[in-house]
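> Quick one: sequence plus predicted model below, questions after.
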Amino acid sequence: MDAKTAKRLKIGDRVRFADGVLGTVTEKNWMAAKIAWDDGQIGIVHHDDMQDVTRVVRRVEARIIREIANRAMNIGVAREEDPFSPMDITMDITAVHCNGNPLRLEALRDADAFNFAHDVLGIRRHLDRGTGKLCDHFRPRFSA
């Protein structure tokens, strides 16, 4: 993740290092985050040095993302042009949420049909699946 994304980490967020080790953010300030790695190590990582760290969704977030994906299957008109599956939506929402644009997942899940479709279909259309970043200046209404 880049420094801008790293600065948005919250205490309790789960992260993964490039070698696959998972950890939890335990402290943070304007310059760095303290991470308790699951292998027992504790590390302080400066925001500018987080290139090898990615955010991981928590179980409760994964459940809400699945609920969003299931609800998205009812957007009939859009599915005629882009026959997406629940797995497609799950991967897209997770990618956006973990790669620099955290979402208010509960609010998105509970949104009215128009705003729900705007965000889900906008993410489908503007997501660079190689980087997990949104393109074309698209910003979901339910961004955190």
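Nice, thanks for sending it over.

> okay, CA-based contacts and neighbour counts for the rest of this
OK.

> so who does the residue most central in space within the chain touch?
Taking CA atoms, centre = their mean, the centroid of the chain lies closest to H97, which sits 1.4 Å from it. Neighbour list for H97: L103 [criterion: CA atoms under 8 Å, 6 or more residues apart in numbering].

> what's whichever strand or helix holds T26 packed up against?
Per DSSP states H and E: T26 is located in strand 22-28. Contact here means 3 or more CA pairs under 8 Å, 6 or more residues apart in numbering; DSSP states H and E; on that basis strand 22-28 packs against strand 14-17, strand 32-37.

> Report the angle between the last one and strand 22-28.
Our comparison of strand 32-37 with strand 22-28, counting by axes from the mean of the first three to the mean of the last three CA atoms, to 10 degrees, yields an angle of 140 degrees.

> ok now strand 32-37, how far from the chain's centre?
Offset of strand 32-37 from its chain centre (CA atoms, centre = their mean, to the nearest Å): 19 Å.

> What mean pLDDT does it get?
Averaged over strand 32-37, pLDDT sits at 91.

> Tell me which helix or strand comes right after it.
Going down the chain from strand 32-37, the next helix or strand is strand 42-46, by DSSP H and E.

> In its sheet, which strands sit next to whatever helix or strand comes next after that following strand, and in what direction?
Heading C-terminal from strand 42-46, the first helix or strand you meet, by DSSP H and E, is strand 53-56. Partners of strand 53-56 in the sheet, by DSSP bridges, are strand 14-17 (antiparallel).

> tell me which residues of the partner strand are tucked away?
R14, V15, R16 (16 or more other CA atoms under 10 Å).
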